[in-house]
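Novice: Have a look at this prediction, sequence included:
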There are 2 protein chains.
Amino acid sequence: MAARPGFHVGRDQWHLAWDKTIPPVLTVGSGDEVSFDALDASNGQITASSRTPDLAALAFDQVDQVAGPIHVDGAMPGDTLQVELLSFEPGDWGWTANLPGFGLLADDFPDAYLRITPLADGIGELLPGVRIPLAPFCGELGVAPSGEPRSTIPPDVTGGNMDTRHLTAGATLWLPVQVPGALFSLGDGHAAQGDGEVCGTAIETPMRATVRLSVRRDVTVTAPEFRTPGPIGTSTNTAGWLAADGVGPDLFVAARDAVRRMIDRLGAELGVAPLDAYLLLSVAGDLRISEVVDQPNWIVTSYCPLSIFGDA
Amino acid sequence: MAARPGFHVGRDQWHLAWDKTIPPVLTVGSGDEVSFDALDASNGQITASSRTPDLAALAFDQVDQVAGPIHVDGAMPGDTLQVELLSFEPGDWGWTANLPGFGLLADDFPDAYLRITPLADGIGELLPGVRIPLAPFCGELGVAPSGEPRSTIPPDVTGGNMDTRHLTAGATLWLPVQVPGALFSLGDGHAAQGDGEVCGTAIETPMRATVRLSVRRDVTVTAPEFRTPGPIGTSTNTAGWLAADGVGPDLFVAARDAVRRMIDRLGAELGVAPLDAYLLLSVAGDLRISEVVDQPNWIVTSYCPLSIFGDA
């Protein structure tokens, strides 16, 4: 319906570091819309016909590429880049994997494992009968840092691999500009993900995205902040939840314990195999800090929505 | 409407430690309902007419009392105590305080501060125009541990001060039984609280509660687990949210940073004073682990619901 945006970044216009010296692929004005056609986070190495053995050939130095960078005219260090997330359109398939050495429970799950999920009618059936409502977004949204180049895998105060599930269409993100032109990029399409992304992957998918980039001098941020247009997480919050607590003085250890025990619970209650449960929690479970004040013990709770199991 | 439960614990039947040697106030059978009339977590020291200077006289060795303990016939170590949360009825007032030395940002907020909030029609107006929907629950729900007595302030794998906001009426909680009879107690009425309870207090209130206690040998838990009867957190999830990220290798530091920056944001956007914002996030904001896999940096996000600001 709307006019096609005049600015477009193609799937071949990607880079592998947040680096202020990478030349921009586009220069736009403040307030311009930009559309992207981005490959999935494997940079096209995983396809709809890939299977677990194919993970052995995955070149990790090619993953989590981001499309861009885009120079926004007038953006200067100290300004804020406003990124209005206008639309996300996932592909018709996605992948979810356990990659050895990666993920919250890497010690527990040493073996590679890949699932391909067809995506249709707003649903991804991750496991037989387990229907995940899609809520697409980009895991990577960021600007170039003023300092040394850095990997696209860890996020930082300039954004990057934030993997924040509530940054769906309609949300407005604010990022701190550290270099002239901001140098914005995005990537890492996720068709669905839970808070935490515990196994390290979401339902990873190619993504068409449209954003509006604007320079704001009346908003100051030192790390990512955002505003959602309405209620969050509603797609999986339509029925009851199972929950397991991790209790102790270290939030990371508590998070691991909570997820481990939810994996056990899904096995006991619903017969889900451990590795399947781990992936399922990564794409549809949530990780909340229930309390962080009753010293010395904090509680992290792993929540799994029952709505995805249909009649379960 | 229902017949009044036959078992009742009064507001004078409390104790201050999780301790298997404390004699039970009641013995009930598996499947019995028990009603409680419990004072707030200050054990009645704070009243609807208290003001900030009164906090100086607060005797901390009398707080977070729990009502009970209740011996459940037949419960043995290794069993699971099922606690069906049937009803929670808060008082007509509540308190929220910054207590020096306590809370996620204790360093930032050294001064005592008390707010009394009238509770009526399912709403607590914490600040002028800031209407918090009530979602009452008990912060303390636990059983006696097999080991040494311990304080009621930190939670543990046997439950206790879990301060978990989604344990509202209709939820079913499972706790690991460690001593004969389980020795269940509850307390710490909260009219409303966000994930994290960041300032250390919720809207604290006297609470009338009813639970059904049952011994389960077909369910095994090693720490608290629960099931909610329907969608969670819906009372504040009716409009958009503001969100601020804490980014870094330590989840606790990231949580502090996220809350600090959300306090700043509430000041910049809505003119909320810092201490008011801290209390507001404790009773209505949420703390989620957005990602915990993109090493070395994790993201904790502080979310504040915009619905509580009315037309804001």
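Specialist: Yep, that arrived.

Novice: Return the residues in contact with the residue lying closest to A:Arg165 once chain neighbours are set aside.
Specialist: Spatial nearest neighbour of A:Arg165, chain neighbours left out: A:Gln193 (4.7 Å); criterion: CB to CB, 6 or more residues apart in numbering or on different chains. Where C-beta positions appear, they are placed from N, C-alpha and C, glycine not excepted. Contacts for A:Gln193 (CB atoms under 8 Å, 6 or more residues apart in numbering or on different chains) come out as A:Ala135, A:Phe137, A:Gly139, A:Asp163, A:Arg165, A:Ala202, A:Ile203, A:Ser282, A:Val283.

Novice: Could you dump these into CSV and include secondary structure and neighbour count?
Specialist: Output for the contacts of A:Gln193, formatted as CSV (DSSP: H, G, I helix; E, B strand; the rest coil; neighbours: other CB atoms under 10 Å in any protein chain shown):
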residue, secondary structure, neighbour count
A:Ala135, coil, 23
A:Phe137, strand, 27
A:Gly139, strand, 28
A:Asp163, coil, 27
A:Arg165, coil, 27
A:Ala202, coil, 29
A:Ile203, coil, 29
A:Ser282, helix, 27
A:Val283, helix, 30
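
Novice: now, which of these sits nearest chain B?
Specialist: Distance to chain B, by CB to the nearest CB, is smallest for A:Asp163 among the contacts of A:Gln193, at 3.8 Å.

Novice: Wait, that closest one touches A:His190, no?
Specialist: Yes - the criterion here is CB atoms under 8 Å, and A:Asp163 meets it with A:His190 at 7.4 Å.

Novice: who touches both of the two?
Specialist: With CB under 8 Å, 6+ apart as the test, A:Asp163 and A:His190 both reach A:Gly139, A:Ala202.

Novice: where does chain A have low pLDDT?
Specialist: A:1-5, A:311-312 (pLDDT under 70).

Novice: Can you point out the buried residues in the lengthiest helix in it?
Specialist: Secondary structure of chain A read by DSSP state H shows that its longest helix is helix A:251-270. By neighbour count with 16 or more other CB atoms under 10 Å in any protein chain shown, helix A:251-270 contains the buried residues A:251-252, A:254-266, A:270.

Novice: So which elements touch it?
Specialist: Packing contacts for helix A:251-270, counted by 3 or more CB pairs under 8 Å, 6 or more residues apart in numbering or on different chains; DSSP states H and E, involve strand A:241-248, helix A:274-284, strand A:286-291, strand A:298-305, helix B:251-270.

Novice: List of residues touching the shortest one?
Specialist: The set of residues external to strand A:286-291 that reach it, using CB under 8 Å, 6+ apart, is A:194-196, A:198, A:233, A:245, A:251, A:255, A:258-259, A:298-303, A:305, B:155, B:161-165, B:195-197, B:251, B:255, B:286-289, B:292, B:300.

Novice: Close to chain B: what parts of the stretch 51-200 of chain A are there?
Specialist: A:102-104, A:153-157, A:161-166, A:195-200 (CB under 8 Å from any CB of the partner chain).

Novice: let's see it at 6 Å
Specialist: With CB under 6 Å from any CB of the partner chain as the criterion, the stretch 51-200 of chain A meets chain B at residues A:103-104, A:153-155, A:157, A:161-164, A:195-197, A:200.

Novice: Quick check: the farthest pair among these?
Specialist: The most widely separated members of these are A:Gly103 and A:Val157, with 23.7 Å between them, by CB to CB.

Novice: higher neighbour count, these two?
Specialist: Taking neighbours as other CB atoms under 10 Å in any protein chain shown, A:Gly103 and A:Val157 compare with A:Gly103 leading, 24 against 20.

Novice: What values do phi and psi take at the more buried one?
Specialist: phi 110, psi 160 (degrees, to the nearest 10).

Novice: rewinding a little: what about the helices and strands packed on helix A:251-270, which gets the closest to B:Thr27?
Specialist: B:Thr27 lies closest, by CB to CB, to one member of the helices and strands packed on helix A:251-270: strand A:241-248, at 27.8 Å.

Novice: Give the pairing partners of the closest one; include direction for each.
Specialist: Strand A:241-248 has its sheet partners listed here by DSSP bridges as strand A:298-305 (antiparallel), strand B:225-227 (antiparallel).

Novice: Pick the most buried one from the ones you listed.
Specialist: Of all the strands paired with strand A:241-248, strand A:298-305 has the most neighbours on average by mean count of other CB atoms under 10 Å in any protein chain shown, namely a mean of 28.

Novice: just to revisit the earlier point, and the residue nearest to A:Arg165, helix, strand or coil?
Specialist: Taken by DSSP: H, G, I helix; E, B strand; the rest coil, the conformation at A:Gln193 corresponds to coil.

Novice: What's the separation between it and B:Phe7?
Specialist: When CB to CB, to the nearest Å is the yardstick, A:Gln193 and B:Phe7 sit 45 Å from each other.

Novice: Find the helix or strand that A:Trp174 is a member of.
Specialist: Element membership for A:Trp174 (DSSP states H and E) is strand A:172-176.

Novice: Which secondary structure elements does that strand sit against?
Specialist: Here strand A:172-176 touches strand A:80-90, strand A:225-227, going by 3 or more CB pairs under 6 Å, 6 or more residues apart in numbering or on different chains; DSSP states H and E.

Novice: Apply 8 Å and report the result again.
Specialist: For strand A:172-176, the packing partners by 3+ CB pairs under 8 Å, 6+ apart are strand A:80-90, strand A:137-143, strand A:225-227.

Novice: can you pull the buried residues of stretch A:142-162?
Specialist: A:142-145, A:152-162.

Novice: those strands in the stretch 51-200 of chain A, which residues are they?
Specialist: A:66-72, A:80-90, A:93-98, A:113-120, A:123-127, A:130-133, A:137-143, A:150-151, A:159-161, A:172-176, A:182-190 (DSSP state E, counting those that start in this stretch).

Novice: report the angle between the axes of the fifth one and strand A:113-120?
Specialist: To tie it back to what came earlier, the one meant is strand A:123-127. 150 degrees (axes from the mean of the first three to the mean of the last three CA atoms, to 10 degrees).

Novice: buried sites along strand A:123-127?
Specialist: Applying 16+ other CB under 10 Å to strand A:123-127 flags A:Ile123, A:Gly124, A:Leu126, A:Leu127 as buried.
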